[in-house]
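[1] All I have is the shape, not the residue letters:
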């Protein structure tokens, strides 16, 4: 993992001091809320319905055990004993006091963490494939490139007052696990015909009220021009992105209105100019960063055998582990989508302080001191010896963290919704809980198999409803919560956007509608088809008929 | 005219009235021009020789187009006064300076002590922005 040097540490320390001073001026009243707002947002601090919410950056989703432990301690010390992992691989605390925020940032800085640019109209935390460095299907570990971009984008003085927020994602695998093409810039590390490594740039994707899949803008940017090309993309956006209407201010609208070819042409022009300006870090800097991401010392004699005689354990292994590039190892997913206990399901993405510390301990014991946060709001232990899986599973069971439902219908992505968020029109969490309760029976969920269900409590789409095999969008209809159903979205390599089935439902109605949709799938499924495959083959009509007929 | 509160040049403050970018193209003797957020700073590039002052207006501090305008002018070799005017608070000062501004005239005068702290906020910088500060990557690799 990346470790700060003196410079990185100085920068986060400077940020803590700066924010402490801004908070002091705000509390003393010399800084108005209007002026303070954009500043606190760039430190991840939102004013929500009940309290301040602090969003902490987890760069490219990677954490050490000590960092994870700190996240648990912060939940206890400053919040109500839990945290919420987000769809951008970050963590949010929902009950923060403004006067505590500088101290929290100082605590974070003590473990090389921060909340820099986790909100506001700037370049946000860089996200990446949660299986980076562990999966056999990647070309190369994408995280060094993400770290290079993190440093470039941190406090970049030209890009701190963009038309709107700006999200960058880096992957290096054709199996896109990070919704790369639904970002403002999606970068895929690729190899060209000459065998050189470089970056394919997809620009102008996003969800929100106008979902768009990013088009390819340049198929190959050499590694020694990555920063320069990124800067060109951003400068064209900063100068020409719309500022007259915040709903049309994302780069997707600019790329769409100009057309991808014209946007690409303008970027090329700016790129040619910027190449004369000496803004690119030397390749030696990328090599320095890369040295932090070398493989851990895998035991080359580790056995590939797993004793699956315990049925519950076997079910969890099948559902929640993924193949690892090293023989004898597995990638382990810890689901933060607990099934109902005493009738009530858990809140997607939430973990208690104790659970967070337990996961930290387990990472230290079984995963070379490393964890990942996923955009599906789960946690990954990337490097677990197969021989350790049973002991790990037992520890997870004891911490109520062994739910075996990865990518199942109960592994729901949900935004905080109207329970917390000041933008929301409807609650997301209770709908997620009800769906989880309806499908909790393992037989039912197992029969359905992979079904990615995503819920947003408003049109801003933080719950990725456009990209769900089944998506649910909460809206406000004449003062009551109403839920629209979407089918056929996908955030993977074959990215697609879901289509609305028709009129919306109330809270119970939407759960019934989801069940009817799964019934249509089960009745029409051929061979190994997933819900999404069946939907793509038979189309919307049979689903509509079952749901509204 | 709003007072220049911060200046990082030794020459005389340019007192010429700044004309709009459109008017500047027509007036062959104008030496001072004012850029609004929607103006293309590159329209000035053929005339840099005769320019002594470029004012870049920030009607709202949340509109960051002026930062790009400033860098474009400096990248093209403009060496005259580059003045930020408008809705500028102490928390924008370091960014303005990093993008090449060497004069700042905030609409509302800023507290001098707070401004001093703000200018000094970053011990080092991550990016090369043409402000002559060595970025961290250069320090790391002895460039």
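    Here it is on my side, so go on. Note that this is a predicted model, so its numbers are computed, not measured.
[2] any idea which helix is longest in the chain?
    Went with chain A since none was named. Looking across chain A with DSSP state H, the single longest helix is helix A:6-28.
[3] The chain in question should be chain B.
    helix B:65-75.
[4] For the chain, spot the helix or strand the model is least confident about on average.
    You didn't pick a chain, so chain A it is. helix A:442-448 (a mean of 87; mean pLDDT, DSSP states H and E).
[5] wrong one, I was asking about chain B
    That would be, for chain B by mean pLDDT, DSSP H and E, helix B:21-26 at a mean of 86.
[6] thinking again about what came up before, mind listing what's buried in the least confident helix or strand of chain A?
    The neighbour-count check on helix A:442-448 (16 or more other Cβ atoms under 10 Å in any protein chain shown) flags A:442, A:444-445, A:448 as buried. For glycine as for every other residue, the C-beta is placed from the backbone atoms N, C-alpha and C.
[7] Near chain B, list only the ones from these.
    The subset of the buried residues of helix A:442-448 within reach of chain B, by Cβ under 8 Å from any Cβ of the partner chain, is empty.
[8] quick one: contacts for whatever residue of chain A ends up closest to chain B?
    Distances between chain A and chain B by Cβ to the nearest Cβ are smallest at residue A:161, namely 2.9 Å. By Cβ atoms under 8 Å, 6 or more residues apart in numbering or on different chains, residue A:161 lies in contact with A:38, A:121-122, B:61-64, B:67.
[9] Now residue 13: closest residue in space, sequence neighbours ignored.
    Since you didn't name a chain, this refers to chain A. Computed as Cβ to Cβ, 6 or more residues apart in numbering or on different chains, the closest residue to residue A:13 that is not its neighbour in sequence is residue A:109, at 5.8 Å.
[10] could you do chain B instead?
    Of all residues not flanking residue B:13 in the chain, residue B:4 sits nearest, at 6.0 Å (Cβ to Cβ, 6+ apart).
[11] Distance-wise, check the one you found relative to residue A:294.
    52 Å (Cβ to Cβ, to the nearest Å).
[12] The two: which is more packed in?
    Neighbours were counted for residue B:4 and for residue A:294 using other Cβ atoms under 10 Å in any protein chain shown; residue B:4 has more, 17 against 9.
[13] hang on, isn't that one packed against residue B:102?
    No. Residue B:4 is beyond contact range of residue B:102, at 10.1 Å (criterion: Cβ atoms under 8 Å).
[14] which residues touch residue 127?
    Just so you know, I chose chain A. A:60-61, A:88-89, A:146, A:167-170, A:178, A:183, A:375.
[15] Chain B is the one I meant
    With Cβ under 8 Å, 6+ apart, residue B:127 has these contacts: A:152, A:156-157, A:279, B:135.
[16] Okay, and it sits in which element?
    Assigned by DSSP states H and E, residue B:127 falls within no helix or strand.
[17] go on, residue A:93?
    Using DSSP H and E, residue A:93 falls in strand A:91-96.
[18] ok, and what's touching that strand?
    Residues contacting strand A:91-96 (Cβ under 8 Å, 6+ apart): A:45, A:48, A:50-56, A:58, A:71, A:74-75, A:78-80, A:83-86, A:104, A:373, A:416, A:420.
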